[in-house]
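Trainee: Need coordinates for the following:
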Amino acid sequence: MKKRHMMLWTIFLALVLLPSMAFSWGSATHAYIDDQLNKTKGTKNLNEIYGGMAPDIFNYMFESPYLQDFYIATHYYFMKIWNASKSSLDKSLAYGFISHNDMWGADYTAHHSGITYGQTKGYVIAKSYILKQILEQVPEYQALQLPDTVTLDISHNIIENGVDILMKRSDPIIGKKIMQKIFLHIPE
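Mentor: Numbers count the residues shown, from 1 in each chain. The predicted model follows:
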């Protein structure tokens, strides 16, 4: 009983204090999706992976007065990156970047209209409502007396992180692929 209570508090502290906008799917999910896009090898594939994660990089600037501006620029005005890219390496990065968008890309599927589930709300949103209902049945969680919006935000973050765990199971080396682009320069 005590462990369960401690776990709920840990989830609360770790997730509720982070705005849900900071996690649109998760890095592993975007990396997995972009790894499947063009299936090119080497630097171009890593550029697609990195490009798919890049739009969320500003989301961790929690105290920036420009956080919302960065989010809008990267999730709604994404074609500027494509239009500015000239070389094939630039295009592979841009290809990943635009796949992330919130108008018809991966984030749209997560938050607005899922392809196989959550067609009217988006996969993550639909699953978040289900998890919210489950959490509200746990007595220790009920004792917290959190507002519905907070419970939904916690559920949202748990679902997005859960999908990242599923991506790791589908592609056990997805973390290595992410790290290769960030820390290594792999020549073509």
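
Trainee: Any regions of this protein where pLDDT drops low?
Mentor: 1-25, 38-40, 181-188 (pLDDT under 70).

Trainee: domain ranges for it?
Mentor: Annotated domains of the chain cover 37-103, 104-188 [automatic domain parsing].

Trainee: can you put those domains in CSV and add distance to G26 and mean neighbour count?
Mentor: To be clear about C-beta, it is placed using only N, CA and C from the backbone, and glycine gets the same treatment. Output for those, formatted as CSV (distance: least, Cβ to Cβ, whole Å; neighbours: other Cβ atoms under 10 Å):
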stretch, distance to G26, mean neighbour count
domain 37-103, 9, 17
domain 104-188, 4, 16
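
Trainee: Could you dump those domains into a markdown table and include distance to T29?
Mentor: Converted to a markdown table, the domains of the chain look like this (distance: least, Cβ to Cβ, whole Å):
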| stretch | distance to T29 |
| --- | --- |
| domain 37-103 | 9 |
| domain 104-188 | 5 |
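
Trainee: where's Q119, which helix or strand?
Mentor: Q119 belongs to no helix or strand when assigned by DSSP states H and E.

Trainee: That one against S113, yeah?
Mentor: Yes - using Cβ atoms under 8 Å, Q119 is in contact with S113, at 5.6 Å.

Trainee: Tell me how far stretch 111-125 lies from the chain's centre.
Mentor: Distance of stretch 111-125 from the chain centroid (Cα atoms, centre = their mean, to the nearest Å) equals 14 Å.

Trainee: brain fart, stretch 117-133
Mentor: Offset of stretch 117-133 from its chain centre (Cα atoms, centre = their mean): 15 Å.

Trainee: hey, C-alpha coordinates of it in PDB?
Mentor: Provided in PDB are the C-alpha atoms of stretch 117-133 (Å, rounded to 0.1, in the frame of the first residue of the first chain):
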ATOM      1  CA  TYR A 117      -7.600   4.500 -32.800                       C
ATOM      2  CA  GLY A 118      -8.900   7.900 -31.500                       C
ATOM      3  CA  GLN A 119     -10.000   9.100 -34.900                       C
ATOM      4  CA  THR A 120     -12.000  12.000 -33.400                       C
ATOM      5  CA  LYS A 121      -9.400  13.000 -30.700                       C
ATOM      6  CA  GLY A 122      -6.100  11.600 -31.600                       C
ATOM      7  CA  TYR A 123      -4.500   8.400 -30.300                       C
ATOM      8  CA  VAL A 124      -2.800   9.900 -27.200                       C
ATOM      9  CA  ILE A 125      -5.800  12.000 -26.300                       C
ATOM     10  CA  ALA A 126      -8.300   9.100 -26.600                       C
ATOM     11  CA  LYS A 127      -6.000   6.800 -24.500                       C
ATOM     12  CA  SER A 128      -5.500   9.500 -21.900                       C
ATOM     13  CA  TYR A 129      -9.200   9.700 -21.200                       C
ATOM     14  CA  ILE A 130      -9.300   5.900 -20.600                       C
ATOM     15  CA  LEU A 131      -6.200   6.100 -18.300                       C
ATOM     16  CA  LYS A 132      -7.800   9.000 -16.500                       C
ATOM     17  CA  GLN A 133     -10.900   6.900 -15.700                       C
END
